[in-house]
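Peer 1: okay, here's the prediction I keep looking at, along with the sequence it came from:
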Amino acid sequence: MRKIPSAEDLLRDAYFAYVCTADEQNRPHITPVFFYFDESSGNIYFRTSRSSKKVNNLLKNNRVSLTIDVRDIEDPFNNTGIIVRGRADLSFDDAKTEAGSMPFRNSILIRLSEKYGPLVAQVASKDHDWTDVLVEVKPRRIVYWSGGPRFSVLKLDAVS
Amino acid sequence: MEGEKWTYELILENLPPFRWARPGWRVSWQFLLMETIGIGIAFAYNLPVRSIIFGSLGILMVIASSALADQIGPKIRSLRPPSASLEKHLLDRYRRMLFSPNRYDALLGLMIFVPTTLYLLLFGTSTLDYWLGPGFPSSILVFVLLLLWDVCYRIGLGIWASALAVWRSIRFLNASRRRVGSGYTPYRELSTMKQMDISNLFWAMWPMTLIPALLSDPILVLSVVGYASLASIASIVSYLLIDRVPGYPSGILWILEEGSFAYVGTCTRRGEPHVTPVIFVFDGKFAYFVTSRVSAKIANLRQNPAIAFLVDVRDPVNMTNNRAVAMLGKAKIFSPVDFVLHMPTILQLRTMFHKKYPPYMNKYRDERSALPPAWRTTMFLSRLLVQVSVEKTLYWKQARHITMQT
């Protein structure tokens, strides 16, 4: 039987996060994103386009939920995942960000491309508009579930 | 779009006094005019009261079908061409035949009118006496035959429309199974066709109101009942066939049918979003999933039925080859009453879940005791069935967003 990933494993290694935001009428919206988890701050980062629906939603309501999971079509006892609830901060590529935050921001971008390698760079280069916003999700609550030999739903406190 | 109107519509739009009336009132004016003439004739010939009643039944039938034609005509013209070429050609052909200059509808009307007239004149003296009272003057037959023609024409139109609808629906369902690439017919067009079938059903059943006037002759009663039942069945069959046509291109349909997991996004009334994975089935129209009565999803959906439902298919070799479909719409939580009302659907969904997720269903069954109470599949004790209906669909292919019409 394969090793059951921990919440940290998922945050570090999983490829997709499913981000849910809400518009002004509280209608939910979901998109899959490539993401990076920064262990030192406990925040989750992803890149997107400023013309996207989620940026539009987040500008009005910064509450966000995201799910990261591994799934096994053969065995539901192998499904593991986390649900993060938090607040999002947006930083636009051309914005006059504070001088102190620039190196950190760049390091996040480097970590993102390290994690996904040429894939993200390739997708991003096709069309610059595709990613011109960096979204930082500050988790408030993380719920972890694992269907190992025994099911368990753990509620961890926010990492940061 | 000239040539795409019924003769009747053209008459109402161009001929006084109807052209002076507001569109919604044209039908009422037509009714008033016909009734006035009818009652006038009845008085002039000193006919019995039942002649007025029977005549009015005939006039009402004519008016009712005019009103339905008034609804159906603009609906057909509002259809947008499907992006699937087979379906587009089919819809074009259907429209051309429905508004055909060859006037198949009038031909059918004639095929009903001539035998009926002959039958009435040769064997139907008792019926004519029943309608007009014994010893009626023969000159009044002209007016009777005029109204009879009007009624027969509407019945012919009903036969033509319902036969054509069945033909269209059979061909449409077949064509939809051969969709290629991104071709499809959006839901709005499919539901317009279904609305037309419902109008047709009314059209088909209306002649039943003529039965009081035909009671003197069982053969006439039988013919009307026979027509009404056949045309009604045709309209229902047409509706059910179109109901099975999916409003998605084959690529998206494949994701919705083959995708194993969906992410369900809900939101509290206060704007706090929530997203969790579920297993689900898609029946060509709605997505269904089952979840715990105490889950955050249910709590949120009870406050706010808006839902986002994302299904994705991952390529294990190339992660950027991820394809995803998000359905944005409304969720409906099945209550015990819905459960009883939709029993056939529930049984079908049960089969679909077992077919799609055999290991899950077996595990759920065999290892029930190992599951936490919230995961046990006892419907209504702890699990609820949720139906997702779509208002807008989003589609991603290779991390690119593609918009589509619904």
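Peer 2: Thanks, I have it.
Peer 1: so is the lengthiest strand in chain A next to chain B?
Peer 2: Counting residues, the longest strand found in chain A (DSSP state E) is strand A:133-147. No. Among the residues of strand A:133-147, none lie within reach of chain B under CB under 8 Å from any CB of the partner chain; the closest is 8.6 Å away. Glycine gets a C-beta too; all of them are placed from N, C-alpha and C.
Peer 1: that strand packs against which elements?
Peer 2: strand A:43-48, helix A:53-60, strand A:80-92, helix A:101-116, strand A:151-157 (3 or more CB pairs under 8 Å, 6 or more residues apart in numbering or on different chains; DSSP states H and E).
Peer 1: out of these, nearest to B:Val281?
Peer 2: Comparison of the helices and strands packed on strand A:133-147 against B:Val281 by CB to CB identifies strand A:80-92 as nearest, at 20.7 Å.
Peer 1: can you give the strand pairings for that closest one, parallel or anti for each?
Peer 2: Partners of strand A:80-92 in the sheet, by DSSP bridges, are strand A:63-70 (antiparallel), strand A:133-147 (antiparallel).
Peer 1: weakest of those in terms of mean pLDDT?
Peer 2: Among the strands paired with strand A:80-92, strand A:133-147 carries the lowest mean pLDDT, at a mean of 86.
Peer 1: buried residues in that one?
Peer 2: For strand A:133-147, a neighbour-count test (16 or more other CB atoms under 10 Å in any protein chain shown) marks A:133-139, A:142-147 as buried.
Peer 1: and what of stretch A:25-40?
Peer 2: Buried residues in stretch A:25-40, counting neighbours by 16+ other CB under 10 Å, are found at A:26-38.
Peer 1: nearest to B:Ser138 among these?
Peer 2: Using CB to CB, A:Arg27 is the member of the buried residues of stretch A:25-40 that sits closest to B:Ser138, with 70.7 Å.
Peer 1: so who does that closest one touch?
Peer 2: Taking CB atoms under 8 Å, 6 or more residues apart in numbering or on different chains as the contact definition, A:Arg27 lies against B:267, B:306, B:308, B:328.
Peer 1: okay, now the unreliable bits of chain A?
Peer 2: Residue ranges of chain A with pLDDT under 70: A:1-2, A:73, A:75-77, A:94-102, A:118-131, A:147-160.
Peer 1: again, only using 90
Peer 2: Of all residues in chain A, those with pLDDT under 90 make up the ranges A:1-16, A:32-34, A:39-42, A:47-53, A:69-81, A:91-134, A:140-160.
Peer 1: distance of A:Tyr15 relative to chain B?
Peer 2: Counting by CB to the nearest CB, to the nearest Å, the separation of A:Tyr15 from chain B is 5 Å.
Peer 1: that residue against A:Tyr36, yeah?
Peer 2: No. Between A:Tyr15 and A:Tyr36 there is no contact, the gap being 11.3 Å when judged by CB atoms under 8 Å.
Peer 1: any common contacting residues for those two?
Peer 2: Going by CB under 8 Å, 6+ apart, no residue sits against A:Tyr15 while also sitting against A:Tyr36.
Peer 1: and the strands in chain B?
Peer 2: Taking DSSP E to define them, one finds strands in chain B at B:261-267, B:273-282, B:287-292, B:306-313, B:323-333, B:383-397, B:400-403.
Peer 1: what's the closest of these to A:Asp89?
Peer 2: strand B:273-282 (16.1 Å).
Peer 1: follow-up on the earlier one: restrict the contacts of A:Arg27 to those near chain A?
Peer 2: With CB under 8 Å from any CB as the criterion, the subset of these in contact with chain A comprises B:267, B:306, B:308, B:328.
Peer 1: what is the neighbour count of the second one?
Peer 2: Read it as B:Ala306. Burial measure for B:Ala306: 22 neighbouring residues, criterion other CB atoms under 10 Å in any protein chain shown.
Peer 1: tell me how far the closest residue in space to it that isn't next to it in sequence lies from B:Thr268.
Peer 2: With CB to CB, 6 or more residues apart in numbering or on different chains as the measure, A:Arg27 is the residue that lies nearest to B:Ala306, at 4.0 Å, once sequence neighbours are left out. A:Arg27 sits 12 Å away from B:Thr268 when distances are taken as CB to CB, to the nearest Å.
Peer 1: then B:Leu145?
Peer 2: 69 Å.
Peer 1: also B:Gln387?
Peer 2: Distance of B:Gln387 to B:Thr268, given as CB to CB: 21 Å.
Peer 1: contact partners for B:Gly158?
Peer 2: B:65, B:200, B:203-204, B:207, B:227, B:231.
Peer 1: now the lengthiest helix in chain B: how far from the chain's centre is it?
Peer 2: Across chain B, the helix with the greatest residue count (assigned by DSSP state H) is helix B:141-176. From the chain centre to the centre of helix B:141-176 is a distance of 17 Å (CA atoms, centre = their mean, to the nearest Å).
Peer 1: swap in stretch B:206-224?
Peer 2: Chain-centre distance of stretch B:206-224: 27 Å, with CA atoms, centre = their mean.
Peer 1: quick one: buried residues of that stretch?
Peer 2: Of the residues in stretch B:206-224, those scored as buried under the neighbour-count criterion (16+ other CB under 10 Å) are B:206-208, B:210, B:213-214, B:217, B:220-221, B:223-224.
Peer 1: stretch B:244-264 now?
Peer 2: Going through stretch B:244-264 with 16+ other CB under 10 Å, the ones that come out buried are B:245-253, B:255-257, B:259-264.
Peer 1: just stretch B:139-158 next, same as before
Peer 2: Result for stretch B:139-158 [16+ other CB under 10 Å]: buried residues B:140-141, B:143-145, B:147-158.
Peer 1: CA atoms only for it, dumped as CSV, please.
Peer 2: Backbone C-alpha positions of stretch B:139-158 (Å, rounded to 0.1, in the frame of the first residue of the first chain) are rendered in CSV as follows:
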residue,chain,number,x,y,z
SER,B,139,-78.0,27.5,-48.3
ILE,B,140,-76.6,27.6,-44.8
LEU,B,141,-74.4,24.6,-45.7
VAL,B,142,-72.0,27.0,-47.3
PHE,B,143,-71.2,28.5,-43.9
VAL,B,144,-71.1,25.1,-42.2
LEU,B,145,-68.6,23.9,-44.8
LEU,B,146,-66.5,27.1,-44.5
LEU,B,147,-66.1,26.5,-40.8
LEU,B,148,-65.6,22.8,-41.4
TRP,B,149,-62.7,23.6,-43.7
ASP,B,150,-61.2,25.9,-41.1
VAL,B,151,-61.3,23.1,-38.6
CYS,B,152,-60.0,20.4,-41.0
TYR,B,153,-57.2,22.7,-42.0
ARG,B,154,-56.1,23.1,-38.3
ILE,B,155,-56.3,19.3,-37.9
GLY,B,156,-54.2,18.9,-41.0
LEU,B,157,-51.7,21.4,-39.6
GLY,B,158,-51.6,19.5,-36.3
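Peer 1: so which of the buried residues of stretch B:244-264 are in helices?
Peer 2: Mapping these onto helices (DSSP H) picks out B:250-253, B:255-257.
Peer 1: in TSV, list these along with pLDDT.
Peer 2: Listed next are these as TSV, based on pLDDT from 0 to 100:
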residue	pLDDT
B:Ser250	86
B:Gly251	84
B:Ile252	87
B:Leu253	88
B:Ile255	90
B:Leu256	91
B:Glu257	88
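Peer 1: related to what we said a few turns ago, ok and the longest strand of chain A relative to strand A:43-48, angle-wise?
Peer 2: Here strand A:133-147 points in a direction 120 degrees away from that of strand A:43-48 (axes from the mean of the first three to the mean of the last three CA atoms, to 10 degrees).
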